[in-house]
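A.B. asks: Kindly generate the corresponding structure for this input.
(one chain, ligands or ions: 1)
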Amino acid sequence: MYKHFIRPLLFLFNAEKAHDLTLGLLAFFSKIPGFRTLVRLIYAHNSPGMAREVFGIRFPNPIGLAGGLDKNGEHYNQLSDFGFGFIEIGSLTPKPQEGNPGPRLFRDIPDKAIINHMGINNKGVKNAIAHLKAEHPEVIVAANIASNASTGRNDIPNDFLYCFSMLYDFVDMFVINISCPNVNGITDLQDVAYLSDFMDKLLDNRMAMDNYKPVLVKISPDLPREQLDDLLDYCLRSGVDGVVAGNTTKSRDKLTLSSAQIEKIGPGGLSGAPLFRKNLALVSYVHEKTKGRLPIIGVGGIMSPEDAESMIEAGADLVEIYTGFIYEGPDLVKKIKQSLDTQKDIKQ
Ligand SMILES: Cc1cc2nc3c(=O)[nH]c(=O)nc-3n(C[C@H](O)[C@H](O)[C@H](O)COP(=O)(O)O)c2cc1C
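C.D. replies: Modelled structure (predicted):
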């Protein structure tokens, strides 16, 4: 239904319009009595064997929605109806921000990929909190937080600390976005000298809270090995609970697009099928390097149940999808869950 009917219709619109339209329609239909129940009946079944306990949280299944789709934290419940075990909202910044000028979202259909240069457009933390208060989450919610593009280098730590303390009572866990390739300066935060500057404070602030919320850092597949090693070492020493591996890549390897087409699209992060091998290698490396001591959310180019299984075999405790959801639709979540369930039966 999605691939033969809904996707061709959505792909008639430019990518950003299609995104907004889909979320708008989802919100509209979700208000119709019975709609959400029907969607849940089709997609939201979890067998007990799918549950996973990671960083102290019990996930009903290991498949999450990656950051950037529910940017504002306005659709987590409706999206959870499609069977996700958790939803990452954001990236959220202290102040609302427009993001980069458009066009800034491109489909590369032959490669089952997306190139985005969105620049963390979002309505800000206060808007998300208003939603979280108004609509109690029926799903595990991770808040992905980032700094505003206009924030001066010295004040970036305060942006993260602000988002963290503002959101603390309303979400289940945090993802610190230090790997967005579309906002100048953010990837510099992957340098431990810089990261520890605010992460130490952030983790200290957590000690003063009544309850414990896991904090993960989201890393780039483009990070040079030496820097990655330092970062992983810091995570293990400091009390960071895990990593999201990883974000989009600046690389354009393995695309069937011509160099003229690539040039026309311009800068941005590449996601989807061509990212899979790169992020799988990242997950595998992180797992080996940390000897499995740092939980991993594997994300990047998961387009099939086999891809999700490979990520888990490489060391991911949980996985997330974004571009796969756009190309394959909600069936992908259901198929991954079914396949994990079957694998579990085979292994037993
Ligand atoms: C349009 C778009 C917007 C995104 N926005 C964010 C974001 O705001 N914050 C973030 O951490 N990641 C963002 N991402 C990256 C995804 O969370 C994910 O790491 C990446 O797309 C790789 O997974 P995928 O191949 O399944 O899409 C975005 C991705 C896309 C395609």
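A.B. asks: use CA for all of it now, contacts and neighbours both
C.D. replies: Will do.
A.B. asks: residues contacting L26?
C.D. replies: Counting by CA atoms under 8 Å, 6 or more residues apart in numbering, L26 makes contact with Q78.
A.B. asks: Can you classify it as helix, strand or coil?
C.D. replies: Of the three states, L26 takes helix under DSSP: H, G, I helix; E, B strand; the rest coil.
A.B. asks: On the pLDDT front, check it for me.
C.D. replies: What the model reports for L26 is a pLDDT of 97.
A.B. asks: Please apply the same query to L340.
C.D. replies: 89.
A.B. asks: now swap in K344 and tell me
C.D. replies: 66.
A.B. asks: can you check the one 3 residues further on too?
C.D. replies: In this model, K347 is scored at 49, pLDDT.
A.B. asks: Around the ligand, pick out the residues from the stretch 201-348 of the chain.
C.D. replies: 246-248, 271-272, 299-302, 321-324 (CA under 6 Å from any ligand atom).
A.B. asks: now do 5 Å
C.D. replies: Contact residues, the stretch 201-348 of the chain versus the ligand (CA under 5 Å from any ligand atom): N247, T248, S271, G272, G300, G301, I321, Y322, T323.
A.B. asks: in what helix or strand does M118 lie?
C.D. replies: Using DSSP states H and E, M118 sits within no helix or strand.
A.B. asks: Does the residue of the stretch 51-200 of the chain found nearest the ligand belong to a helix, a strand or coil?
C.D. replies: Nearest residue of the stretch 51-200 of the chain to the ligand (CA to the nearest ligand atom) works out as G68 at 3.2 Å. Here G68 is strand, with the state taken from three-state DSSP.
A.B. asks: contacting residues for it?
C.D. replies: G68 sits next to E88, I89, G90, S91, I120 when contact means CA under 8 Å, 6+ apart.
A.B. asks: what secondary structure does the third one sit in?
C.D. replies: Classification of G90 by three-state DSSP places it in strand.
A.B. asks: quick one: which of the residues of the stretch 201-348 of the chain next to the ligand sit in helices?
C.D. replies: T323 (DSSP state H).
A.B. asks: Among the residues of the stretch 201-348 of the chain next to the ligand, which lie within strands?
C.D. replies: Counted as lying in strands by DSSP state E, out of those, are S271, G272, I321.
A.B. asks: on that earlier part again, which ones among the contacts of G68 also lie next to the ligand?
C.D. replies: Taking CA under 5 Å from any ligand atom as the test, the ligand is in contact with S91, I120 out of those.
A.B. asks: among the contacts of G68, which two are most distant?
C.D. replies: E88 and I120 (14.1 Å; CA to CA).
A.B. asks: So which bits of stretch 252-265 are buried?
C.D. replies: Buried residues in stretch 252-265, counted by 16 or more other CA atoms under 10 Å: R252, L255, I265.
A.B. asks: Tell me if I am right that the first one is in a strand.
C.D. replies: If I follow you right, that is R252. No: checked against three-state DSSP, R252 lies outside a strand; its state is coil.
A.B. asks: who touches it in this structure?
C.D. replies: I262, L270.
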